[in-house]
Each structure stands twice: as C-alpha cells, then as structure tokens.
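> next one to model:
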Amino acid sequence: LEVALTMQEVDPQHCQLAINRAYQLSRRSLEEVRRAVSTMRDGNYNLSSALTRLISQVEQPHACRSNALKIETEIGLPYLPLQVSQQLFLIMKEGLNNIQKHSQASVVKLWAQSTSEGVALGLSDNGIGFSLGDAHTGFGLRSMQERVQLLDGKMTIHSAHGKGTLIQVTIPQQHIS
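Numbers count the residues shown, from 1 in each chain. Below is the predicted model of the structure:
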C-alpha cells in the first residue's frame, strides 16, 4: 500500500496493481487466520492432522514463491494436551512461513515424534541459510523461541550461508502428559 501511495500520482496503473496485490494478500491472510482459529478451537484437535493440513497448504503453488516447495514428513505424535498442541502447531507454522519467505529452498524435511524424553520436532531445508550472528529484524525466530520457552523446551538452530537451516525443538515429558 505504501507503493500505491507513492505511485498514485506518477503511475496510476502501477498503483492499481499494487492495490490489487495488497487486496489479494490481505484476503489470503484473513482466510489463513480464520482457518487457524477454527482449527485451534476444534475440541478434537489433533496435532498430527493439523500439521498434515498445514503441509498440504504450504505445498500448493503460490504467487509469492517462484519455486515449488516439496515437504517430506515423518509425523508420529500421540494425543497431546490442547495448549501444547496449539503451541507446537504455531511453532511449526512459523518455521514453515520463514522457510517460504527467506530460504529459497526446494525441499523441506519436517518431523514430529514422541520420544522417551518428550516430543521432538524439527525442520530442515536445502535453502540459502543464514549466519546465526546476523541481526534478524523479523519476529519469526523470536516468536518460535518464546513459544518453546512457554513449554520449558529447547530450540536449537544450525545454519550457514549456502548450507540450509536446521531447527530442532524438544519439549520435556512433563508438558505432554
């Protein structure tokens, strides 16, 4: 919309294109928010099913992405308390969102497993990676870390320029029982 405001006098056609694009993005965002809220309010919330639906949405062709994204999954989770399930879903959703926006990846591996220590989740991609020392202006990784901390969990990130990214999350047993 900022582009549209600056272009409105100089290039009305470009302005209209920017407005149409903003309209499409806001409609899609609203649909995603409604779908996420509906899913989270579902009394029979199943994290494995919710992740499967999320993956199918992310894999669909998207105007904002130039390359197709293939997601390989390994999901084997037991029933988890609703609050834990919701936080884990949002962690994975944010991770996938970051991959779509920044990684330029073509393949993503997502896993979510029950272990003797609790729950282990992970995302890895074959994208461009980033330096962990670089300043990050977005809220994605910070939001993920805050959600992990709410569950007394641990999040580790391994990435380097040109090497892709690996994010691992572990949640202790006391939060999933």
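> how much space between residue 59 and residue 85?
22 Å (Cβ to Cβ, to the nearest Å). C-betas here are computed from N, CA, C, even on glycine.
> check residue 106 too.
Residue 106 is 29 Å from residue 85, by Cβ to Cβ.
> of the two, who's got more company?
residue 85 (21 against 12; other Cβ atoms under 10 Å).
> quick check, the more buried one in a helix?
Yes: membership of residue 85 in a helix is supported by DSSP: H, G, I helix; E, B strand; the rest coil.
> not counting sequence-adjacent ones, nearest residue to it?
residue 47 (4.2 Å; Cβ to Cβ, 6 or more residues apart in numbering).
> residue 71 and residue 154, how far apart?
24 Å.
> typo on my end, residue 168
For residue 168 relative to residue 154 (Cβ to Cβ), the value is 8 Å.
> longest helix in this structure, by residue count?
Criterion DSSP state H: the longest helix present in the chain is helix 12-41.
> any idea of the mean pLDDT in stretch 10-23?
What stretch 10-23 shows for mean pLDDT is 82.
> and it, how far out from the chain's middle?
28 Å (Cα atoms, centre = their mean, to the nearest Å).
> can you map out the strands along this protein?
Secondary structure of the chain (DSSP state E): strands at 70-76, 107-114, 118-125, 154-159, 165-172.
> what bits of this protein have low per-residue confidence?
35-44, 61-67, 135-138, 177 (pLDDT under 70).
> can we see that at 80?
The model of the chain has pLDDT under 80 over residues 1-8, 14, 25, 28-45, 60-68, 132-138, 175-177.
> who's more crowded, residue 71 and residue 154?
Neighbour count, other Cβ under 10 Å: between residue 71 and residue 154, residue 71 has more, with 18 against 14.
> run through the bridge partners of that one.
residue 108 (DSSP bridges).
> list the contacts of it.
55, 58-59, 96, 107-110 (Cβ atoms under 8 Å, 6 or more residues apart in numbering).
> out of the residues you listed, who's nearest residue 174?
For the contacts of residue 71, the minimum distance to residue 174 (Cβ to Cβ) is 24.6 Å, reached by residue 110.
> which residues are in contact with the closest one?
Here residue 110 is in contact with 51, 55, 71-75, 92, 96, 122-123 (criterion: Cβ under 8 Å, 6+ apart).
> filter the residues you listed down to the buried ones, PyMOL style.
Command for PyMOL, covering only those of these found buried under the criterion 16 or more other Cβ atoms under 10 Å:
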select buried, resi 51+55+71+75+92+96+122+123
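> and the furthest pair within the contacts of residue 110?
74 and 96 (15.1 Å).
> and stretch 1-11, what's buried?
4, 7.
> quote the end-to-end distance of it.
14 Å (Cα to Cα, to the nearest Å).
> since we're on residue 78, how many residues are nearby?
With other Cβ under 10 Å as criterion, residue 78 counts 10.
> good, we can wrap up now.
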